[in-house]
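Asks: sequence below, structure please.
(chains A and B)
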Amino acid sequence: MTTVSRFGALRARLRSPIEPAFLVRRSLGAVVALWGAVTIVFLMLYATGNPAEVLAPETATAEQVAELARQYGFDQPLHKQYLDFLLNVTQGIFPNSLYTARPAFQEVLMRVPNTLLLGFTAVVLGSALGLLIGYLSSSSQNALMRTIPIRVLMFVQSVPNFFMGLLLIYLFSLTLRWLPTSGFSSWRNLILPIVTLACYVAPNVARLFRSTMNETRFDEHILTARAKGISERAVRIRHNAINALAPVTTLIGLQLGGVLAGAVVVETLFAYPGVGQLLVQSVVSRDYPVALAAVILICLGYNLASLLVDILVVIIDPRAQNR
Amino acid sequence: MSAVSTSSAAPARRRLPPLTVTVALVALAAMVVTTFSAPLLGLDPYKQDLMAMLLPPSPQHPFGTDLLGRDIAARVIWGGIPPLFVGFSAAAAAVLMGLGLGLLAGYRQGLTDSVLSRLADIQMSIPGLVLALLILVLFGASITNLIIVIALESWTMHFRVVRSQVMTVRNLAFVEAARLAGIGEESIVLRHILPSTIPILAVTGTANFSQALLMEAALSFLGIGVQPPTADWGMMVSEGQAQLANAWWVAMFPGIALVAVMWCAQVVGDWLADVYSVRGDELQ
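Replies: The predicted structure is shown next:
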């Protein structure tokens, strides 16, 4: 009898907590959102007038513009053009860059690993720092550790990321001369951009982690754990902190858009060769094909990343998929 | 979440705001008044003096001068106008839009709600700054376009909280009573449901103000927002980046002004959220 029920319990424990229905629903949502994003970009392009004129170099003759319009079907009826646009986007076909004359999509794709490296490291580091400080501020025995780190972090939150980066450059590159100011030639170039971006992630994580831990501190399961005589530290970590992880992970997912925007600013500030820097460069130099490709790829990356985070939330707390 | 409120999580409902909040409110008011009285102070943010290039802070130029010999103190005071104006107008526009659509979706429900909620989802699936870059470069960077872009980016935040608030309130007894009393739908929504959304909107509106201000500053820093020679904090920080090695004051003072406004807005926002017990994660 007992072995059977134990076996059942083990199987229940090993079964994936993710329900297929949730996966399908969430993925469909991501696809619809992406379709919406591409449609908005298409409409924007049309609202300015003739997209062929926008996408052609400024020096192009009328014939060249007409040729480009024919090539990309801008002379077709609108609904046909829209379908073509969707089809081209799904295959990554964009006009060539107006400056390097290389396919715009490849130009952007080349930069993706750099941005991923920056963004991922910053999110992980920022979350780790935020969790640590959030934990300290809710559970430390020492009154100073409870108040000072979180206060500092809340002040950091009100420093715009480009100014934070500038302060770090001033301190570590120009005054102490420890780190390079810009470019990407060694791992040392990565430190300041990552710290700048992590400073954006950490405060919100710390604040939500602290408030969730404080709210659930007197929940019944925690009182039970304490009544069983488990050490205070184990109660805090295994019963209080672990259960506060799911909302924090949701928050991190919601902040990904901010991280991407931050990456655009930080990459430009540190002249770091990522997608964000390319986007700003192409926008400033009116290289529309590259700008379009970058915007669409960023939307894709953002939606994929938030899908992954939502799945992570379900793994941490399976109840989340039924909400 | 749970009905039981604990001593540590209980909202601090005080008659007077705490000291930090009072300081932040006074400082914010002082900065807003100084900034918008800039035209009356007789300071010229454009006067170039090539004999006084990159002078360090001195009694004559308290914040020093920039590469063109312009007085940074004057430019910092003038430079607050675009971010504060854009931040306030964009937040106000976004609140109105989110409130209107949120009331509609929450009260009508059904198809209206599904369509509007989908729209909000799509809007949220495009990172704001990225869309703003594209729109501003296609339609040109002007203050009006900045306000429109930032408002379009942030209406979803208000929409979501208003919608869920309306969905709760519309089924409460007093609304039912108003309906039975034969009061028209419009006046039920406007006079009986709308007032209950105001505290939440105070919180989301404040959060939106600092977000909008930050976005304006970031766009101007990237060179796609406010255009030179207009003074603007974000743009001044960007101008100062090149001179950081030999003239720190060019970037530092506008940056400090930004931090000060952001900090005040955040302290006030946190206090409002505390008073009306709105959790931070609902505002994202």
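Asks: what does the stretch 101-250 of chain A put close to chain B?
Replies: Contacts of the stretch 101-250 of chain A with chain B, taken as C-beta under 8 Å from any C-beta of the partner chain, map to A:154-155, A:157-163, A:166-167, A:169-170, A:174, A:204, A:207-208, A:211, A:214-215, A:217-219, A:247, A:250. Heads up, the C-betas are built off the backbone N, CA and C, glycines and all.
Asks: are any of those buried, and which?
Replies: Buried members of those, scored by 16 or more other C-beta atoms under 10 Å in any protein chain shown, are A:154, A:157-163, A:166-167, A:169-170, A:204, A:207-208, A:211, A:214-215, A:217, A:219, A:247, A:250.
Asks: keep only those of those that are in strands.
Replies: Judged by DSSP state E, strands contain none of these.
Asks: from those, which land in helices?
Replies: If you go by DSSP state H, those have A:154, A:157, A:161-163, A:166-167, A:204, A:207-208, A:211, A:214-215, A:247, A:250 in helices.
Asks: quick one: the helices in the stretch 151-284 of chain B?
Replies: With helices called from DSSP state H, counting those that start in this stretch, the stretch 151-284 of chain B shows them at B:173-180, B:185-187, B:198-221, B:233-242, B:249-275.
Asks: please name whichever of those helices is nearest to chain A.
Replies: Each of these has some distance to chain A by C-beta to the nearest C-beta; the shortest is helix B:249-275, at 3.9 Å.
Asks: what angle do the closest one and helix B:198-221 make?
Replies: Angle of helix B:249-275 versus helix B:198-221, following axes from the mean of the first three to the mean of the last three C-alpha atoms, to 10 degrees, is 160 degrees.
Asks: returning to that earlier point: I'd like the helices of the stretch 151-284 of chain B as CSV, with mean neighbour count, mean pLDDT and distance to B:Ala74 appended.
Replies: Output for the helices of the stretch 151-284 of chain B, formatted as CSV (neighbours: other C-beta atoms under 10 Å in any protein chain shown; pLDDT from 0 to 100; distance: least, C-beta to C-beta, whole Å):
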stretch, mean neighbour count, mean pLDDT, distance to B:Ala74
helix B:173-180, 12, 88, 54
helix B:185-187, 10, 86, 50
helix B:198-221, 24, 90, 18
helix B:233-242, 24, 88, 11
helix B:249-275, 22, 89, 11
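Asks: quick one: closest of those helices to B:Asp113.
Replies: B:Asp113 lies closest to helix B:185-187 among those, at 15.6 Å (C-beta to C-beta).
Asks: how about residues contacting that closest one?
Replies: If you take C-beta atoms under 8 Å, 6 or more residues apart in numbering or on different chains as the criterion, helix B:185-187 is touched by B:Tyr107.
Asks: so what's the gap between it and the chain middle?
Replies: Relative to its chain's centre, helix B:185-187 lies at 31 Å (C-alpha atoms, centre = their mean, to the nearest Å).
Asks: contacts only, for residue 30.
Replies: I'll assume chain A. Contact partners of A:Ala30, counting by C-beta under 8 Å, 6+ apart, are A:303-304, A:306-307, B:125.
Asks: may I see the ChimeraX selection of the buried members of the residues you listed?
Replies: Entered in ChimeraX, the line below selects the buried ones among the contacts of A:Ala30, by 16+ other C-beta under 10 Å:
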select /A:303,306,307 /B:125
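Asks: return the closest of the contacts of A:Ala30 with respect to A:Val24.
Replies: Nearest to A:Val24 among these, with distances taken as C-beta to C-beta, is A:Leu307, at 11.9 Å.
Asks: got a list of what the residue most central in space within chain A touches?
Replies: Nearest residue to the geometric centre of chain A (C-alpha atoms, centre = their mean): A:Leu256, 2.9 Å. If you count contacts by C-beta under 8 Å, 6+ apart, A:Leu256 has them with A:123, A:302, A:305-306, A:309.
Asks: all helices of the stretch 1-150 of chain B, in order?
Replies: Along the stretch 1-150 of chain B, the segments classed as helices by DSSP H, counting those that start in this stretch run B:19-36, B:72-79, B:81-108, B:110-124, B:128-139, B:143-169.
Asks: in the first one, what counts as buried?
Replies: Judged by neighbour count (16+ other C-beta under 10 Å), helix B:19-36 contains these buried residues: B:21, B:24, B:28, B:31, B:35.
Asks: residue ranges in chain A under the pLDDT threshold?
Replies: Within chain A, the stretches with pLDDT under 70 are A:1-6, A:12-15, A:49, A:57-58, A:72-73, A:323.
Asks: right, is stretch B:101-114 up against chain A?
Replies: No: Stretch B:101-114 does not reach chain A (C-beta under 8 Å from any C-beta); its nearest approach is 11.7 Å.
Asks: which positions in the stretch 151-284 of chain B make contact with chain A?
Replies: The stretch 151-284 of chain B comes close to chain A at residues B:210, B:214, B:217-218, B:221-224, B:234, B:237-238, B:240-241, B:244-245, B:248, B:251, B:255, B:258-259, B:262-263, B:265-266, B:279-281, B:284, as judged by C-beta under 8 Å from any C-beta.
Asks: same thing but 7 Å
Replies: Residues of the stretch 151-284 of chain B lying close to chain A by C-beta under 7 Å from any C-beta of the partner chain are B:214, B:217-218, B:221-224, B:237, B:241, B:244-245, B:248, B:251, B:255, B:258-259, B:262-263, B:266, B:279-281, B:284.
Asks: neighbours of A:Ala21, how many?
Replies: As a burial measure, A:Ala21 scores 10 neighbours (other C-beta atoms under 10 Å in any protein chain shown).
Asks: please name the residues that touch residue 179.
Replies: No chain in the question, so chain A it is. Residues in contact with A:Leu179 (C-beta atoms under 7 Å, 6 or more residues apart in numbering or on different chains) are A:172-173, A:188, A:191-192.
Asks: try chain B instead
Replies: Contact analysis of B:Arg179 by C-beta under 7 Å, 6+ apart lists B:Ile188.
Asks: quickly find the element holding the nearest residue to B:Val137 once chain neighbours are set aside.
Replies: The spatial neighbour of B:Val137 that comes closest, neighbours along the chain excluded (C-beta to C-beta, 6 or more residues apart in numbering or on different chains), is A:Val283 at 4.6 Å. For A:Val283, the host element (DSSP states H and E) is helix A:275-284.
Asks: ok, the residue lying closest to A:Val264 once chain neighbours are set aside - how many residues close by?
Replies: Spatial nearest neighbour of A:Val264, chain neighbours left out: A:Gly276 (3.5 Å); criterion: C-beta to C-beta, 6+ apart. Applying other C-beta under 10 Å, we find 29 other residues in the vicinity of A:Gly276.
Asks: how many neighbours does the residue in the stretch 201-323 of chain A that chain B sits nearest to have?
Replies: Using C-beta to the nearest C-beta, A:Ala261 is the residue of the stretch 201-323 of chain A that sits closest to chain B, at 3.6 Å. Using other C-beta under 10 Å, A:Ala261 is surrounded by 25 other residues.
Asks: check the secondary structure at it for me.
Replies: Using DSSP: H, G, I helix; E, B strand; the rest coil, the structure places A:Ala261 in helix.
Asks: against A:Arg25, how distant is the residue nearest to it when sequence neighbours are not counted?
Replies: Closest residue to A:Ala261 apart from its sequence neighbours, by C-beta to C-beta, 6+ apart: B:Leu129 at 3.6 Å. Computed as C-beta to C-beta, to the nearest Å, the B:Leu129 to A:Arg25 distance reads 29 Å.
Asks: neighbour count: these two, which is higher?
Replies: Set B:Leu129 next to A:Arg25 and count neighbours by other C-beta under 10 Å: B:Leu129 wins out with 29 against 11.
Asks: thinking that one is in contact with A:Ala263, fair?
Replies: No: B:Leu129 lies out of contact with A:Ala263 (C-beta atoms under 7 Å); the separation is 9.6 Å.
Asks: can you show me the helices along chain A?
Replies: Under DSSP H, chain A gives helices at A:2-14, A:20-47, A:51-55, A:62-71, A:78-90, A:104-139, A:143-157, A:161-168, A:188-215, A:220-227, A:232-234, A:245-269, A:275-284, A:288-316.
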